[in-house]
Structure formats: C-alpha cells, structure tokens
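[1] Sharing a model prediction with you, sequence too.
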Amino acid sequence: MSMLRLQKRLASSVLRCGKKKVWLDPNETNEIANANSRQQIRKLIKDGLIIRKPVTVHSRARCRKNTLARRKGRHMGIGKSEGYSQCPNAREGHMDEENEDFAPAAQKIP
C-alpha cells in the first residue's frame, strides 16, 4: 500500500473538511499516489476516486431521556445549581443587572 498522507491532506484542503472525512478509493491507490498537486486532486474528486464522507448522525435519544427525567425532577438537586442561592435566575446560572437587590453584600457597589 502506498503512502497517501499528502493526497489525503490536499484532498481535505480542497474539500474544506477534516482528514477524517476524506475517502480514498482503495482499488485505485496507485493512481491516487501519482497525484501530488491540488489540480490533480480536483480531477480525482471529479472522477469519484476521492469522496467526502457524509456527516455522522448524533443521536438525541440520550438527551431526550435526560430531559424527561428532569421534568420529573431528577438531576435537579442542590449540587446541580449554578450561581448563588438568592439568584433570581438560579436555573440559568447568572444574575440580571436590574435585579441588584438580590446580590450578596460583597458584590454590592455603594
């Protein structure tokens, strides 16, 4: 098998994707190995010897399961809170500027 590292790098640059997404035809390794310029790589892409792989699907099943559990109150204990306890938007983990009344004494500006 030929070293096709250069060809893969050039192809990923031409296709504007990562090297992981580049597929080189294993039956045409000799022809691909001869290509050492971007122009030759473009020709191989046009001929179908080099292909950009499709995007892998990220399943949301785990996320949906966790969301349903959160609706029941799971994963919502005291250890999951962000921000201080009197924060008006405690679930969002930040304090609004207009609600400065609830800020702790150390953060109040005179």
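    Sure, I can see it. Residues are numbered from 1 along each chain as shown.

[2] those strands in this structure, which residues are they?
    Under the criterion DSSP state E, the chain contains strands at 22-24, 50-52.

[3] closest to residue 86 out of those?
    When the strands of the chain are ranked by distance to residue 86, counting by Cβ to Cβ, first place goes to strand 50-52 at 52.1 Å. (C-beta placed from N, C-alpha, C; glycine too.)

[4] any residues touching the closest one, and which ones?
    With contacts defined as Cβ atoms under 8 Å, 6 or more residues apart in numbering, strand 50-52 is touched by 7, 11, 15, 17, 21-25, 32, 41, 44-45.

[5] before we move on, what about stretch 25-32?
    When contacts are taken as Cβ under 8 Å, 6+ apart, the neighbours of stretch 25-32 outside the stretch itself are 1-2, 4, 7, 24, 44, 48-51.

[6] List buried residues within those.
    Buried by 16 or more other Cβ atoms under 10 Å: 4, 7, 24, 44, 49-50, out of the contacts of stretch 25-32.

[7] sorry, back to before: so can I have TSV of the strands of the chain showing distance to residue 73 and mean pLDDT?
    Conversion of the strands of the chain to TSV gives the following (distance: least, Cβ to Cβ, whole Å; pLDDT from 0 to 100):
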stretch	distance to residue 73	mean pLDDT
strand 22-24	47	98
strand 50-52	45	98
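
[8] and of these, who's closest to residue 83?
    Taking Cβ to Cβ as the criterion, residue 83 comes closest to strand 50-52 out of those, the separation being 43.5 Å.

[9] now stretch 10-20, how far from the centre of its chain.
    Averaging C-alpha coordinates over stretch 10-20 and over its chain gives two centres that are 17 Å apart (Cα atoms, centre = their mean, to the nearest Å).

[10] what about it, start to end distance?
    13 Å (Cα to Cα, to the nearest Å).
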